[in-house]
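Enquirer: Dropping the sequence and predicted coords here.
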Amino acid sequence: MEAVYNFKEMMNRPERLAPGHRMCAGCGGAIAVRGVLRALHEGDRAVVGNATGCLEVSSFMYPYTAYEDSYIHNAFENAGATLSGVETAYRVLKKRGKVKEDYKFITFGGDGGTYDIGFQSLSGAMERGHDMVYVCYDNGAYMNTGTQRSSATPRFADTTTTPVGRASDGKVQTRKDLTAIMAEHHIPYAAQTTFTNNFKDLHTKAEKAIYTQGAAFLNIFAPCPRGWGYEPSELMDICRTAVDTCYWPLYEVVEGKWILSYEPKNKLPIEEFLRSQRRFRHLFSPENEELIGEFQREVDRRWEELRARCSLYS
């Protein structure tokens, strides 16, 4: 049964990510963290893990953090392993009666520390079924170290390691579909979301992830103004366009059941998404028209595959 949300009450909950951190204006990562932590019920305690990356260096300067909850800074590669170990220790201590309080375990990582460097520890934590949530704020590159490509970077994107020029049209490979890969770990809950529809989709899925018993994975589309090349005020428009072009579909996988959260009435062409970012401006040269067509065909293929999967359970 779906919960009935009082969003006024939810938005008025005390912030668990304190102001004063150093995230950029127009950054999706900070919004993702605030949205996820706001889904915690008032009075509940949490342990927050954080892989090295933009979020970590901007919200943590030893011995201070921007988090109101217990916080652990992890290396790039081991956020999943660290929180799974903490969750295991907590269960043992609670069984022995040494800990009385209830805790939730949430770890954050960018796509570099999730799709790539931290993938093996994330996969292990999900496969073992630890009662924790792994949240990826997906900004599509290694933004903290200078916008190098990751396996989350879309095809044809201009990055410092896939520079556009006479010999290159940007990144060659298509983006890894990590949400689907996590769902194939047969975990109780996996979902994709971003900042649309008054944040209802984000809050609903964050609460489900946190309060589902067992392992859960949440992938949040989190644009980066510096790496993508847009004005901070354009953040929400880019998120909406990503969803309405079906570049970033909203869906969830609940106990193996694939559920489409949103289907645009008028699916927009991918140009609407690409045009909003400087990293794709080379695609709009007359000689690159076919590259946009290739991008569109890839988006369409993935969208139809997702719809087919979800239709099996409708």
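Expert: Okay, I see it. On a predicted model such as this, the values are computed, not experimentally measured, just so you know.
Enquirer: what about the helices in the stretch 51-200 of the chain?
Expert: 54-59, 79-95, 111, 119-128, 178-183, 200-211 (DSSP state H, counting those that start in this stretch).
Enquirer: List the buried residues of the fourth one.
Expert: Of the residues in helix 119-128, those with enough neighbours to count as buried (16 or more other Cβ atoms under 10 Å) are Phe119, Ser121, Leu122, Ala125, Met126. (Glycine included, C-beta is placed from N, CA and C.)
Enquirer: Where does the prediction get shaky in the stretch 1-150 of the chain?
Expert: 1-7 (pLDDT under 70).
Enquirer: just the helices of the stretch 51-200 of the chain: most buried one?
Expert: Highest mean neighbour count of the helices of the stretch 51-200 of the chain: helix 111, a mean of 27 (counted as mean count of other Cβ atoms under 10 Å).
Enquirer: Please name whichever of the helices of the stretch 51-200 of the chain is nearest to Arg279.
Expert: Distance to Arg279, taken as Cβ to Cβ, is lowest for helix 111 among these, at 14.5 Å.
Enquirer: Remind me what the closest one packs against, helices and strands.
Expert: strand 133-138 (3 or more Cβ pairs under 8 Å, 6 or more residues apart in numbering; DSSP states H and E).
Enquirer: Partner strands of the strand it packs on and their direction?
Expert: strand 103-110 (parallel), strand 216-221 (parallel) (DSSP bridges).
Enquirer: Can you add distance to Pro286 and mean neighbour count and give those strands back as a markdown table?
Expert: What follows is the strands paired with strand 133-138, written out as a markdown table (distance: least, Cβ to Cβ, whole Å; neighbours: other Cβ atoms under 10 Å):
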| stretch | distance to Pro286 | mean neighbour count |
| --- | --- | --- |
| strand 103-110 | 35 | 26 |
| strand 216-221 | 30 | 27 |
